[in-house]
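**Student:** A predicted structure for the sequence below; I have some questions about it.
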2 protein chains.
Amino acid sequence: MISDSTALDSAFLALADPVRRSIIARLSRGPATVNELAEPFEISKQAVSKHIQVLEQAQLVTRTRDAQRRPVHLNPARLEALTAWIDQYRLVREGQFRSLDAMLQSSAGQRGAKAKEQ
Amino acid sequence: MISDSTALDSAFLALADPVRRSIIARLSRGPATVNELAEPFEISKQAVSKHIQVLEQAQLVTRTRDAQRRPVHLNPARLEALTAWIDQYRLVREGQFRSLDAMLQSSAGQRGAKAKEQ
DNA sequence: TCCTTGATCAACCTTTCGGTTGATTAAGGA
DNA sequence: TCCTTAATCAACCGAAAGGTTGATCAAGGA
């Protein structure tokens, strides 16, 4: 599980772009070079290269060396870490939405409890 | 499952900020008002209000009306939709990373296959 | 050696993001 | 009615995102 806040920032930010998500989808079928990854898009190869760097910094992908090629691999562990974070909050407690009025009237609820990210 | 690309954009972007993730974490323990959500942070209430609007537009939270209060609720369904998206690619195919060289040498691999986001 | 291929670096531009402050709206309560 | 509380709107600002073009680097191959 990722606990560093900046790591989560970069990982979620990396997924917040259709080009980068499409690259993830492509890499789930196997590694690919920058040229291969750039081919489906209308933007420049430099732009795709930047997207890959964003994914790499988020540790969602890794790169190896093969002569002048720099093949890109998916890093599934990082994707798992993101689902792990989401799953912390995905299942909310039974009955907590039962009655908003009851909650607001019984004192100030959890007011003052410092929200803390795990 | 979310299939609209802009919906995924806004949802992942919404999670790419420590303040907003902290708000999600807080809301997983029950609904809260803007003032309650703003209390742990050193930024202005207006800034927190903006963060909540980002989460609301991403449909990660919803709001109700209670007199002059606008309590915020978590929308777990949206979080589930995100894990569903990630899970498409989380489990990569057996053996696809076996040998990069083999892949690159056996023709051009999957070159030309249009990457398509589901 | 020279050329080609694969990919990055660098500079620049425009738009969006995250924050601020000040004014305004909306709903009760005295 | 007037005041307080809850929250948003509006205008503005600096930083970062996402794109472009042009130059450069690195590794083979003829």
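**Tutor:** Yep, it's here.

**Student:** For B:P40, see how far away the closest residue in space to A:D87 that isn't next to it in sequence is.
**Tutor:** With C-beta to C-beta, 6 or more residues apart in numbering or on different chains as the criterion, A:D87 has its nearest non-adjacent residue at 6.6 Å, and that residue is B:T83. (C-beta placed from N, C-alpha, C; glycine too.) Going from B:T83 to B:P40 by C-beta to C-beta, to the nearest Å gives 26 Å.

**Student:** A:I24 too?
**Tutor:** Relative to B:P40, and taking C-beta to C-beta, A:I24 is found at 33 Å.

**Student:** quick one: which of the two has more around it?
**Tutor:** A:I24 (23 against 16; other C-beta atoms under 10 Å in any protein chain shown).

**Student:** wait, what's in contact with the more buried one?
**Tutor:** A:L15, A:L55, A:L60, A:V61, A:L74, A:L79, B:Y89 (C-beta atoms under 8 Å, 6 or more residues apart in numbering or on different chains).

**Student:** 10 Å instead, please
**Tutor:** Residues in contact with A:I24, defined by C-beta atoms under 10 Å, 6 or more residues apart in numbering or on different chains, are A:14-15, A:55, A:60-61, A:74-75, A:79, B:85-86, B:88-89, B:115, B:117.

**Student:** now those residues in a markdown table, with pLDDT and neighbour count?
**Tutor:** Formatted as a markdown table, these follow (pLDDT from 0 to 100; neighbours: other C-beta atoms under 10 Å in any protein chain shown):
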| residue | pLDDT | neighbour count |
| --- | --- | --- |
| A:A14 | 98 | 26 |
| A:L15 | 98 | 26 |
| A:L55 | 98 | 28 |
| A:L60 | 98 | 26 |
| A:V61 | 98 | 24 |
| A:L74 | 97 | 26 |
| A:N75 | 97 | 19 |
| A:L79 | 97 | 24 |
| B:W85 | 96 | 25 |
| B:I86 | 97 | 20 |
| B:Q88 | 93 | 14 |
| B:Y89 | 93 | 19 |
| B:A115 | 41 | 20 |
| B:E117 | 54 | 16 |
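
**Student:** Of the residues you listed, which pair is most distant in space?
**Tutor:** For the contacts of A:I24, the farthest-apart pair by C-beta to C-beta is A:N75 and B:E117; their separation is 18.6 Å.

**Student:** For the longest helix along chain A, output the C-alpha coordinates as PDB.
**Tutor:** In chain A, taking DSSP state H as the definition, the longest helix is helix A:76-90. Taking Å, rounded to 0.1, in the frame of the first residue of the first chain, the C-alpha atoms of helix A:76-90 are listed here in PDB:
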ATOM      1  CA  PRO A  76       0.900  -4.000 -12.200                       C
ATOM      2  CA  ALA A  77       2.000  -3.600  -8.600                       C
ATOM      3  CA  ARG A  78       1.400   0.100  -8.700                       C
ATOM      4  CA  LEU A  79      -2.100  -0.400 -10.100                       C
ATOM      5  CA  GLU A  80      -2.800  -2.800  -7.300                       C
ATOM      6  CA  ALA A  81      -1.600  -0.200  -4.800                       C
ATOM      7  CA  LEU A  82      -4.100   2.300  -6.100                       C
ATOM      8  CA  THR A  83      -7.000  -0.200  -5.800                       C
ATOM      9  CA  ALA A  84      -5.800  -0.900  -2.300                       C
ATOM     10  CA  TRP A  85      -6.100   2.800  -1.400                       C
ATOM     11  CA  ILE A  86      -9.500   3.100  -2.900                       C
ATOM     12  CA  ASP A  87     -10.800   0.000  -1.200                       C
ATOM     13  CA  GLN A  88     -10.100   1.600   2.100                       C
ATOM     14  CA  TYR A  89     -13.000   3.900   1.600                       C
ATOM     15  CA  ARG A  90     -15.100   2.000  -1.000                       C
END
